[in-house]
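Peer 1: what would the 3D arrangement of this be:
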Amino acid sequence: MNSSEQHDHGNSESHSYGKDVQSALTPLTKDLRNAIPDVYKGFGEMHAAAFKPGALDAKTKELIALAIAVSVRCDGCIAAHAKGAARNGATEAEVAETLGVTISMNGGPATVYGPRAFAAFKEFAAK
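Peer 2: Okay, the predicted model is just below:
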């Protein structure tokens, strides 16, 4: 691997880290959801409860989830919560600062997945 490949961090202009990831996961998720519908129903109910506005608004909860998604290196989670952050009115600056904290807490791996999250957010925010 040459030095330019080492520092690319997966930021290919031709790759979508939002919609493409979700499109690839949809048929796989559907198949498993059909096999274990009660598990997905329970997860859906928990997710709705966790993301319901309360002391924290929905945008803040999506930003927290996006930071966690980067931390655990989950591309599907990054796409979902980048979309959620965009849908709930997060700005590029808010997402960038959230990812800055994530990089601070997670180091090198977050410098790879953080840009993916930022690209996914920008894709969903562009509409």
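Peer 1: list the contacts for the most centrally placed residue in the chain?
Peer 2: The chain has I78 as the residue nearest its centroid, 1.5 Å off, counting by C-alpha atoms, centre = their mean. Counting by C-beta atoms under 8 Å, 6 or more residues apart in numbering, I78 touches 17, 21, 66, 69-70, 113, 116-117, 120. Just so you know, the C-beta spots here come from the backbone N, C-alpha and C atoms, and that holds for glycine as well.
Peer 1: kindly report the same for S71.
Peer 2: Applying C-beta under 8 Å, 6+ apart, the residues contacting S71 are 102, 105-106, 110.
Peer 1: one more time with 6 Å, if that's ok
Peer 2: The contact partners of S71, by C-beta atoms under 6 Å, 6 or more residues apart in numbering, come to N106.
Peer 1: show the pLDDT at it.
Peer 2: S71 carries a pLDDT value of 97.
Peer 1: got it, and E13?
Peer 2: At E13, the model reports a pLDDT of 51.
Peer 1: my understanding was that G18 contacts A79; is that so?
Peer 2: Yes. Here G18 reaches A79: they are 4.9 Å apart, a contact under C-beta atoms under 6 Å.
Peer 1: give the residues shared as contacts by these two.
Peer 2: A120.
Peer 1: how about the residue nearest to the centre of the chain, phi and psi?
Peer 2: Backbone dihedrals for I78, given as degrees, to the nearest 10, come out at phi -60, psi -50.
Peer 1: what of D57?
Peer 2: Backbone torsions of D57, given as degrees, to the nearest 10, read phi -80, psi 170.
Peer 1: which other helices and strands does the helix or strand where F43 lies contact?
Peer 2: F43 is part of helix 37-51 when elements are defined by DSSP states H and E. Helix 37-51 sits against no helix or strand, with contacts defined as 3 or more C-beta pairs under 6 Å, 6 or more residues apart in numbering; DSSP states H and E.
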